[in-house]
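> sequence isn't available, so here's the structure alone:
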């Protein structure tokens, strides 16, 4: 059979989860990571990352809006997906997605954004004209009270929502890891470490995405990059990356040392079909290189311009590496037979419902949504960055 | 009785829930069949299987199984005595048209293993279905409500035996139903019906007179992948340790 080596059970020859299911944990991870970065400022009072606080929230929202789309497009009967809400099957990890998603979207993210922007929305509803005025009027939800006391309440409630939001972000992405980690039929997935690895890799990707978006938007707006801010973000990214990489290596070492019945099969895969995506892209380029680069910034005294370049390269590589990690989990987990006797091949179509073009479109779509959100709810703070930061323009 | 607005508000959700059942219609009647009186499984007698592929063809004809997918299939194992852990397995087109002949005096041993859904009592596929479209019937058969399944393929991933697939036309999960439409009418499954050697036998574990009980008492019987703890109810007589 073309594309098959050894023996696959006959129903296993073609893959059932395509690149769209790779995108799903990838996008959800960006949401969780961006939110956790935002919470650094709000809950843990890491003032240095303040310039990215609102941007991180809007990034999380833009990606969260797109998160269910790959799932919807992948379903055989998307029109039945509402049944997950109407008649959820309580023993199914996937059934909980709808509820965790709604909780996160409605009870956490939109509430936090609304509370944080309320004063701005009220001001905009009074200063703009035409449809924009109407739009902001609707967004005020009938409350134009921006007294000191009201804003203080907003602040307290917002803090509380973020506090709830942190475990919610962990839940959102940890649960995605659980979807894979709880499948005992598949040794590539079945691991209690999977949700934890997913959470930390999500944090890395979300932090990297917000950092890159902040740097790119600063450049587009011809504004200086707040170096203290990106230095701090890069520092957090490094720490999270080290934890993430350690967990992944722990999983790998454990598998190698245990060498159970599936090991030979998985080992063969890593050395052949997943060699490029796992060893080269995920581990070397997507993890080790950024860790070394970010570590270099900590160890050596580099100029702001060099640091910016390093952050841009590390952030981009991290995003590629985490995408490769999702790919290796989702696609890699279907390339070998559950008989451990054979391997199949994944052929990505170009212009089908689950093809390359749709995937690229879905990856770019959140950026357009983010652009619209930024236009409607400008996240830029009026505070000026410090003197050192001002000295460096956003090139 | 006057229906007040309050009454209406209380009635509407109940009516909405009931409407689903109205739309689903009445299931096919099967008089004289009591679901709770049976607990179905199957016995596969490996030494009896000759790899003729009758069962695969009968299943495809009976259940309109699409080309390239299988509710049941037959594998041929070739195990060398010096390499027990690496069997050579083939199943050309699911063994539908039989197998290529073997040399006169072959090295190692050859045998056939028919595969089908194991009708697990603790089935992982049922556990993961997000909408409960796949379920275990009271008589122990794992079924899919194809009018309800949304085709997410999570169950396909969760099945350790590769017994499920997504039907390419219906775009929903499909699998062996143990010919539920037949066994509830007192018939046997299509695959058992056509097996020329009796290698496949439908078994009702709740029926004390079923010959399965005597067989299980007197033979060395195993299920596939027992380490998965799925409560599989397809029992294999003389299952070789190399079978996956």
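Cool, the structure landed. Note that the structure is a prediction, hence the values are computed from the model and not measured.

> please count neighbours and contacts with C-alpha atoms only from this point.
Will do.

> which non-adjacent residue is nearest residue B:116?
residue B:72 (4.5 Å; Cα to Cα, 6 or more residues apart in numbering or on different chains).

> what's the answer for residue A:340, then?
residue A:265 (5.7 Å).

> secondary structure class for the one you found?
helix (DSSP: H, G, I helix; E, B strand; the rest coil).

> which ones are touching it?
Residues near residue A:265 by Cα atoms under 8 Å, 6 or more residues apart in numbering or on different chains: A:336, A:340, A:341, A:342.

> pull the most distant pair out of those.
Spanning the widest gap among those are A:336 and A:341, at 7.8 Å by Cα to Cα.

> shared neighbours of those two, anything?
Taking Cα under 8 Å, 6+ apart as the criterion, residue A:336 and residue A:341 both touch A:8, A:265.

> which of these two has more neighbours?
In terms of neighbours (other Cα atoms under 10 Å in any protein chain shown), residue A:336 is the more surrounded of residue A:336 and residue A:341; the figures are 29 against 20.

> let me see the contact set for that one.
Here residue A:336 is in contact with A:8, A:265, A:266, A:269, A:342, A:343, A:344 (criterion: Cα under 8 Å, 6+ apart).

> tell me where the stretch 251-395 of chain A has strands.
Ranges of strands in the stretch 251-395 of chain A, per DSSP state E, counting those that start in this stretch, are A:342-343.

> for whatever residue of it ends up closest to chain B, which non-adjacent residue is closest in space?
Using Cα to the nearest Cα, the single residue of the stretch 251-395 of chain A nearest to chain B is residue A:339, 5.1 Å away. Ranked by Cα to Cα, 6+ apart and with sequence neighbours excluded, the top spatial neighbour of residue A:339 is residue B:244, at 5.1 Å.

> all strands for chain B, in order.
In chain B, the segments counted as strands under DSSP state E are B:40-45, B:72-79, B:88-90, B:109-116, B:134-136, B:142-144, B:165-166, B:173-174, B:200-204, B:221-222, B:234-237.

> looking at those, which is nearest to residue A:368?
strand B:165-166 (33.9 Å).

> just list what that closest one packs against, helices and strands only.
When contacts are defined as 3 or more Cα pairs under 8 Å, 6 or more residues apart in numbering or on different chains; DSSP states H and E, strand B:165-166 packs onto strand B:173-174.

> for chain A, see how far away the residue nearest the centre of chain B is.
Nearest to the mean C-alpha position of chain B, by Cα atoms, centre = their mean, lies residue B:117 at 2.7 Å. Using Cα to the nearest Cα, to the nearest Å, one obtains 12 Å as the distance from residue B:117 to chain A.

> that residue is in contact with residue B:71, isn't it?
Yes - between residue B:117 and residue B:71 a contact is recorded at 7.3 Å, counting by Cα atoms under 8 Å.

> re earlier: which residues does the residue nearest to the centre of chain B contact?
For residue B:117, the contact set (Cα under 8 Å, 6+ apart) comprises B:71, B:72, B:161, B:163, B:164, B:175, B:176, B:177, B:234.

> can you select the buried ones from those residues in ChimeraX?
In ChimeraX, a selection of the buried entries from these looks like this (16 or more other Cα atoms under 10 Å in any protein chain shown):
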select /B:71,72,161,163,164,175,176,177,234
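
> take the contacts of residue B:117 and write them to JSON lines, including pLDDT.
Output for these, formatted as JSON lines (pLDDT from 0 to 100):
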{"residue": "B:71", "pLDDT": "98"}
{"residue": "B:72", "pLDDT": "98"}
{"residue": "B:161", "pLDDT": "98"}
{"residue": "B:163", "pLDDT": "98"}
{"residue": "B:164", "pLDDT": "98"}
{"residue": "B:175", "pLDDT": "98"}
{"residue": "B:176", "pLDDT": "98"}
{"residue": "B:177", "pLDDT": "98"}
{"residue": "B:234", "pLDDT": "98"}
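
> make TSV out of the contacts of residue B:117 and add distance to residue A:232.
Formatted as TSV, these follow (distance: Cα to Cα, whole Å):
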residue	distance to residue A:232
B:71	57
B:72	58
B:161	49
B:163	51
B:164	49
B:175	54
B:176	57
B:177	58
B:234	59
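
> nearest to residue A:372 among the contacts of residue B:117?
Proximity of those to residue A:372 (Cα to Cα) peaks at residue B:164, which lies at 43.2 Å.

> need the longest helix for chain A.
Longest helix in chain A, counting residues (DSSP state H): helix A:148-181.

> what's the average pLDDT for that helix?
Averaged over helix A:148-181, pLDDT sits at 93.

> over to stretch B:126-145?
The average of the pLDDT scores along stretch B:126-145 is 97.

> quick one: the helix or strand hosting residue A:235 to chain centroid distance?
Using DSSP states H and E, residue A:235 falls within helix A:227-258. On the basis of Cα atoms, centre = their mean, to the nearest Å, helix A:227-258 sits 15 Å off its chain's mean C-alpha point.

> buried set for that helix?
Result for helix A:227-258 [16+ other Cα under 10 Å]: buried residues A:227-231, A:233-238, A:240-245, A:247-248, A:251, A:255.

> what parts of chain B come near chain A?
Within reach of chain A by Cα under 8 Å from any Cα of the partner chain, chain B has these residues: B:68-70, B:73, B:86, B:88-91, B:93-94, B:127-132, B:148-153, B:156-166, B:171-172, B:228, B:244.

> so what's the residue nearest to residue A:339 up against?
Counting by Cα under 8 Å, 6+ apart, residue B:244 touches A:339, A:340, B:224, B:225.

> so the second one touches residue A:262, yeah?
Yes - if you go by Cα under 8 Å, residue A:340 and residue A:262 touch, sitting 6.3 Å apart.

> counting by contacts, list what the helix or strand bottoming out on mean pLDDT in chain B packs against.
None of the helices or strands of chain B scores lower by mean pLDDT, DSSP states H and E than helix B:5-24, at a mean of 75. Applying 3+ Cα pairs under 8 Å, 6+ apart, we find helix B:5-24 packed against no helix or strand.

> gap between the closest residue to residue A:42 other than its chain neighbours and residue A:153?
Using Cα to Cα, 6+ apart and skipping residues adjacent in sequence, the residue nearest residue A:42 is residue A:159, 6.3 Å away. Distance, residue A:159 to residue A:153, using Cα to Cα, to the nearest Å: 10 Å.

> contacting residues around residue 140?
The chain I'm using is chain A. A:118, A:121, A:122, A:125.

> could you do chain B instead?
Listed by Cα under 8 Å, 6+ apart, the contact set of residue B:140 reads B:38, B:39, B:40, B:41, B:119, B:120, B:121.

> tell me the phi and psi of it?
Reported as degrees, to the nearest 10, the phi and psi values for residue B:140 are phi 80, psi 20.

> any weak-confidence spans in the chain?
Unless you meant another one, I'm taking chain A. Along chain A, segments meeting pLDDT under 70 span A:381-395.

> you looked at the wrong chain, it should be chain B
In chain B, residues with pLDDT under 70: B:1, B:17, B:20-21, B:23-29.

> in this structure residue A:16 contacts residue B:155, no?
No - using Cα under 8 Å, residue A:16 is not in contact with residue B:155; the gap is 10.4 Å.

> of the two, which one has the most company?
residue B:155 (25 against 20).

> ok, that one to residue A:172 distance?
21 Å.

> and if you look at residue A:69?
Taking Cα to Cα, one finds residue A:69 at 16 Å from residue A:172.

> higher neighbour count, those two?
Between residue A:69 and residue A:172, counted using other Cα under 10 Å, residue A:172 has the larger neighbour count: 25 against 14.

> check contacts around the more buried one.
Taking Cα under 8 Å, 6+ apart, we find residue A:172 in contact with A:28, A:32, A:97, A:100, A:101, A:104.

> ok, 10 Å please
Neighbouring residues of residue A:172 by Cα atoms under 10 Å, 6 or more residues apart in numbering or on different chains: A:25, A:28-29, A:31-32, A:96-97, A:99-101, A:103-104, A:165-166, A:199.

> do the same with residue A:373
Residues in contact with residue A:373 (Cα under 10 Å, 6+ apart) are A:55, A:58, A:59, A:61, A:62, A:367, A:379.
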